[in-house]
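Asker: structure of the sequence below:
(2 chains)
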Amino acid sequence: MEYTVDGKTVPADEEGYIINLSDWSPELAEVIAKSEDIEMDEERWEVVNFLRDYYDEYQIAPAVRVLIKALKKSMGPEKGNNKYMYELFPYGPAKQACKIAGLPKPTGCV
Amino acid sequence: MADGDKAVPEREFPLKLPEFKCGAMEGLEPFRAAPEHNEALGFPGELVPDWKEKAIAYMGELARKNRAFQVYLDMCVKCGACTDKCHYYLGTGDPNNMPVARQDLLRSVYRRYYTFAGKYFPWLVGARDLTEDVLKEWYSYYHQCSECRRCSVFCPYGIDTAEITMAARDILDHVGIGMKYSNEIIGKVHKVGNNLGLPGKALKATLEDLEEDIEDDTGVSVRLPLDEKGADILLVTPSADFFAEPHIDGLIGYAKVFHETGASWTLSSYASEAANFGLFIGSYENMREVALRIRKAAEDLGVKRIVFGECGHAWRVAYSFLNTLAGPFDFLDQNYPIPQHILEYTWDAIQKGKLKFDKSKNDHYRLTYHDSCNVARASRMGDEPGGQFEIPRNVIKAVCNHFYDMPEETIREATLCCGGGGGLLTDDLMDLRIKGASPRMTALQQVTEDHGVTHMAAICAICKTQFSKVMPKYGYEMDSIVSVHQLVSNAIILTGQETEEDDADGAKAEEQP
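Answerer: Numbers count the residues shown, from 1 in each chain, chains lettered A, B, ... in the order given. Predicted coordinates:
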């Protein structure tokens, strides 16, 4: 699979996760989101940015619980919860949001 | 090709034979592993040029080395007792998913090259040549078996059908056809120590975060120690317990139980995985390498006991094979089971009166329990036969007021697979996973109708993830699946814990002049 941003092609694996993490850009995130039928807005960007910051520090995506706790602080309890995260990213905050954030897919029994 | 029918199967109880849908799942293939994923496990990166000779020779080698496998290949009389026992057959209607038919995809090739009749009169005995199409068919249908072994329970000869699936996957790996999901994961365990690829620093941060949460919730400081030398107990748990919901709530439950029993315990960043996908791909070497990490962690940390968290096939590997793979464990305290299951630990503490519960904390749940296949059919807990069925139920009943079992023919030894076991918990098999869950969902529907059951508890990371993904397709919320130790965590009253009554009393005291 591959994405096209500004005439440049970015390689991705069979499931749409980009191969080279350094290929990521906000423009690419919009393109990936579109291919997932997701329209990026301020809240979705907040999730994506949090994932990227966490990955920078720990080389892995955060546990769903850690993500939600952080968002509860910034978005408030009515939006910082699991249900709302699945409204933002119907295929799961960890997997779908990671794909848009240009991070590897969390593997294992998750 | 698979017929692309994405519909959720109808739920009718008692479970009935589906209508034949020949070829319904033909050609369904999970993603194949990249060369580097195969090579990291000691397999060729890509299909080797002499695949035919290699595959036939390796099949013979497996049959010679593993007498049980040879017997399973030779002795099936095709009586058909297994046909309607497979959740994937019930869910898909594809006749190749009848256990007897799926196994015959390999048996027919074995007959061709390793039996007298097959060598000289193949057309008489249904023996087939090994071709590239046969390899493709194997790859497809041996990834439509979750190695749950329900069919084996009903086989009058006791043929362990999962062994055939494992051998088929092992043969495929040996000629360079690996499955992405399982092989990538095993490679991560060899490299990082767990299925997730969770580095030590991230694990530490996650555990600290959980300690903070528990203290916020209860007012009690409960530790989740990591790499603490000299601790008595090493807890080995699936890495999903550090990451996913509802798994992580179970981890909090283990920590609270250890805290309340005054145990000295630790997790290990080196052996931060209980799961052992080496079992799923039938690779003894990989299974051993994963198991040896646990031994090394136990030795390095100087622990006296090893306890396993809630993970189905991990408990099978631990209970049945750990000593062979990584023993002898003569350096551990011989007064305790080696290894021990967290449910044995918790049930023992409950029986000794060490834990206090407020069962009403789980009153918002009406529960049933899903026996995980590898625990139910391949292991035991406690000292009594059937302990693996009774102990989890005893613990649930000790912490919950409303518990109802699903129909007898769908639980305990006859439990139905969640539909995502054996290395099939991958998104590219979602259609199969949804269909394979339908028999379990049908049984659940019964207790929902009869007793108003709202939630199902499980003790396997795969089951928990699978159900949280597929239950919404069957009209349940994604959080209708819970960890058993999540229920323990909800109900346990820690010594010194602030309760709602305390808060109310405190507020009253403040009001007084």
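
Asker: ok, which residues in chain A are in contact with chain B?
Answerer: Within chain A, the positions lying close to chain B (C-beta under 8 Å from any C-beta of the partner chain) are A:14-15, A:58-60, A:62-66, A:69, A:82, A:86, A:94-95, A:104, A:106-110. (Each C-beta comes from the backbone N, C-alpha and C, glycine too.)

Asker: among those, which are in helices?
Answerer: Judged by DSSP state H, these include A:58, A:64, A:65, A:66, A:69, A:82, A:86, A:95 as members of helices.

Asker: in chain A, what residue is nearest chain B?
Answerer: Using C-beta to the nearest C-beta, the single residue of chain A nearest to chain B is residue A:108, 3.1 Å away.

Asker: run a quick neighbour tally on residue B:236.
Answerer: 24 (other C-beta atoms under 10 Å in any protein chain shown).

Asker: cool, and residue B:38?
Answerer: 24.

Asker: pretty sure it is touching residue B:183, no?
Answerer: Yes - the pair residue B:38 / residue B:183 is scored as a contact, 6.0 Å apart, by C-beta atoms under 8 Å.

Asker: name the residues contacting each of the two.
Answerer: Among the neighbours of residue B:38, those also in contact with residue B:183 (C-beta atoms under 8 Å, 6 or more residues apart in numbering or on different chains) are residue B:173.

Asker: which of the residues of chain A next to chain B count as buried?
Answerer: A:58, A:60, A:62-66, A:82, A:94-95, A:104, A:106-110 (16 or more other C-beta atoms under 10 Å in any protein chain shown).

Asker: among these, which two are most distant?
Answerer: Farthest apart among those by C-beta to C-beta are A:82 and A:104. That separation is 22.2 Å.

Asker: sec struct for the residue in the stretch 151-300 of chain B that chain A sits nearest to, please.
Answerer: Using C-beta to the nearest C-beta, the single residue of the stretch 151-300 of chain B nearest to chain A is residue B:195, 3.1 Å away. Here residue B:195 is coil, with the state taken from DSSP: H, G, I helix; E, B strand; the rest coil.

Asker: what's it sitting at in phi/psi?
Answerer: phi -60, psi -30 (degrees, to the nearest 10).

Asker: quick check: closest non-adjacent residue to it.
Answerer: residue A:108 (3.1 Å; C-beta to C-beta, 6 or more residues apart in numbering or on different chains).

Asker: give me the element residue B:234 is part of.
Answerer: Using DSSP states H and E, residue B:234 sits in strand B:233-236.

Asker: name the helices or strands packed onto that strand?
Answerer: With contacts defined as 3 or more C-beta pairs under 8 Å, 6 or more residues apart in numbering or on different chains; DSSP states H and E, strand B:233-236 has these neighbours: helix B:247-260, strand B:265-266, helix B:284-301, strand B:305-308.

Asker: who does that strand pair up with?
Answerer: With DSSP bridges as the test, strand B:233-236 is paired with strand B:265-266 (parallel), strand B:305-308 (parallel).

Asker: out of these, deepest packed?
Answerer: strand B:305-308 (a mean of 24; mean count of other C-beta atoms under 10 Å in any protein chain shown).

Asker: sec struct for the nearest residue to residue A:103 once chain neighbours are set aside, please.
Answerer: Computed as C-beta to C-beta, 6+ apart, the closest residue to residue A:103 that is not its neighbour in sequence is residue A:55, at 5.2 Å. The assignment at residue A:55 comes out as helix when based on three-state DSSP.

Asker: how many neighbours does residue A:55 have?
Answerer: So residue A:55, with other C-beta under 10 Å, has 19 neighbours.

Asker: give the contact list for residue A:95.
Answerer: A:105, A:106, B:427.

Asker: pipe those residues into CSV and attach distance to residue B:126 per row.
Answerer: Converted to CSV, these look like this (distance: C-beta to C-beta, whole Å):
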residue, distance to residue B:126
A:105, 42
A:106, 44
B:427, 36
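
Asker: right, and residue A:35 touches residue A:4 too?
Answerer: No - judged on C-beta under 8 Å, residue A:35 makes no contact with residue A:4 at a distance of 10.5 Å.

Asker: more crowded one of the two?
Answerer: A direct count of neighbours by other C-beta under 10 Å for residue A:35 and residue A:4 places residue A:35 higher, at 13 against 10.

Asker: per-residue pLDDT, the residue nearest to the more buried one when sequence neighbours are not counted?
Answerer: Nearest non-adjacent residue to residue A:35, counting by C-beta to C-beta, 6+ apart: residue A:16, 6.7 Å away. At residue A:16, the pLDDT value in this model is 96.

Asker: residue A:16: neighbour count?
Answerer: 16.

Asker: contact partners for it?
Answerer: Residue A:16 neighbours (C-beta under 8 Å, 6+ apart): A:1, A:32, A:35, A:36, A:99.

Asker: one more time with 10 Å, if that's ok
Answerer: For residue A:16, the contacting residues are A:1, A:2, A:3, A:32, A:35, A:36, A:96, A:99, A:100, A:105, by C-beta atoms under 10 Å, 6 or more residues apart in numbering or on different chains.

Asker: perfect, that will be all.
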